[in-house]
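**Q** sharing a sequence plus its predicted fold:
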Amino acid sequence: TRSGGLALPGLTSNAQQGAAAVPQVSEKMTTIVITTQKIPRGSVITESVIATLAYPEKDLVPGTFFTDPNAILNKQAKYDLEARIPITEGMLVTGQVGSYAAFQIPKGYVAVSIPITKLTAVSFAPVVGDHVNIIASIMVVDIDQNTQSRLPNKTGDAIPPRGATEGDPGSLTVTTSSGGGDLGRVDLDPTLNQPVYLVPSENQRPRLVSQMVIQDAIVLRVGDFPTNDLAKTSGVEPTPAPDAAGGEATPPPTPSMITLIVRPQDAITLNYLMLSEAKLSLALRSAGDIDPAAVEAVTLQYLFQTYNIPNPPKTAFSLEPRKDTLEFSGSSAPAPTAIPQ
């Protein structure tokens, strides 16, 4: 060899041989239980969804991970468990775990259902997780504050008290008789310069007002919740059975309810509005938009002032034929034409 220090293949120093001869100390291992697939909340733990994995015994803190698979069989997942994660005591529960829907509601919020139609629910566009605003429209009328009855009041004939005479004991109170008309008002006729008594020609017209009462409600469910216990607790719904005749699955029914996640006070507001038969409609928010919007209630006065709508003047001419209702031409579907035989 050349004296430059290059070693020939196959030759090693005594120090290298000594290091290679030192035996390695084997690490003591144990096993922990892990999931082998995603386990939905409420599902029962079986042998098919778990496995054991070798784990250093020195790194295992007592009471953290399960080491015996038999200890968790037939228990239920407390919430959704991802695949290939160690199972701990806090992930499991024995017995009923409550509804799947309840675990989707953030702390401090509640869920409430309101009726919907195609028109009031943005043509059924909202899905689970969307954010919506709720618009309420109510009709307001004037009432008598004391009797809480709708104005105008009815009139009646009042007979004043009379003193007693021979053969008549008299009366100490005012008596009334029914049969009077609606309460009106006295007005001075400018032509005759005579007072006239005006009575309403029809019942009081309610006044419409619309306002966005709730903003940023979260859609929890569109339509009815499942009725079977497994779907209620796990959130896994059965696949619709195919139609026996056509071989295709039966389409889901048109939803008539939507369940929203709102604040507790907003839930009380919605309950009041539904009991008072207010009309509720939804406005779908842009994805990711959670900022509150400054809005104003809309009345007939707001509509005319904001959009510069004039009060049509009275003229000496009109349209023919007379129109008392509005309808777009062709809005109703024509009757089908019979096919000649």
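**A** Yep, it's here.
**Q** would you indicate which residues of stretch 220-229 are buried?
**A** Residues of stretch 220-229 classed as buried by neighbour count (16 or more other Cβ atoms under 10 Å): Leu220, Arg221, Val222, Pro226. All C-beta atoms are positioned from the backbone trio N, CA, C, and that covers glycine.
**Q** try stretch 34-52
**A** Buried residues in stretch 34-52, counted by 16+ other Cβ under 10 Å: Ile34, Thr35, Ile39, Arg41, Gly42, Ser43, Ile45, Val49, Ile50.
**Q** same thing with stretch 270-279?
**A** Leu270, Leu273, Ala278.
**Q** all helices of the protein, in order?
**A** Secondary structure of the chain (DSSP state H): helices at 14-20, 229-234, 264-275, 300-306.
**Q** give the rounded mean pLDDT of the second one.
**A** Right, the one you point to is helix 229-234. Helix 229-234 shows a mean pLDDT of 62.
**Q** coming back round to it: from the buried residues of stretch 34-52, which is closest to Ala297?
**A** Lowest distance from Ala297 to the buried residues of stretch 34-52 (Cβ to Cβ) belongs to Arg41, with 42.2 Å.
**Q** any idea of the mean pLDDT for the lengthiest strand in the chain?
**A** Looking across the chain with DSSP state E, the single longest strand is strand 207-222. Confidence over strand 207-222 (mean pLDDT, whole number) is 97.
**Q** save the buried residues of stretch 34-52 as TSV, and put in distance to Pro200 and pLDDT too.
**A** Output for the buried residues of stretch 34-52, formatted as TSV (distance: Cβ to Cβ, whole Å; pLDDT from 0 to 100):
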residue	distance to Pro200	pLDDT
Ile34	79	95
Thr35	74	95
Ile39	69	90
Arg41	62	76
Gly42	62	74
Ser43	67	81
Ile45	73	91
Val49	74	94
Ile50	78	94
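**Q** quick one, what contacts the residue lying closest to Val128 once chain neighbours are set aside?
**A** Using Cβ to Cβ, 6 or more residues apart in numbering and skipping residues adjacent in sequence, the residue nearest Val128 is Val219, 5.6 Å away. Val219 makes contact with Pro126, Val127, Val128, Gly129, Asp130, His131, Val132, Ile258, Thr259, Leu260, Ile261, according to Cβ atoms under 8 Å, 6 or more residues apart in numbering.
**Q** Ala316 too?
**A** Ala316 neighbours (Cβ under 8 Å, 6+ apart): none.
**Q** same check, this time on Gly223
**A** The contact partners of Gly223, by Cβ under 8 Å, 6+ apart, come to Pro252, Pro253, Pro255, Ser256, Met257, Ile258.
**Q** just the buried ones from the residues you listed?
**A** Neighbour counting over the contacts of Gly223 (16+ other Cβ under 10 Å) leaves Pro255, Ile258 as the buried ones.
**Q** gap between Val128 and Gln37?
**A** Per Cβ to Cβ, to the nearest Å, Val128 is found 23 Å from Gln37.
**Q** and what of Ser113?
**A** From Ser113 across to Gln37, the span is 33 Å (Cβ to Cβ).
**Q** around the closest residue in space to Ile134 that isn't next to it in sequence, how many other residues sit close by?
**A** Spatial nearest neighbour of Ile134, chain neighbours left out: Ile214 (4.1 Å); criterion: Cβ to Cβ, 6+ apart. The number of residues packed near Ile214 is 21, by other Cβ atoms under 10 Å.
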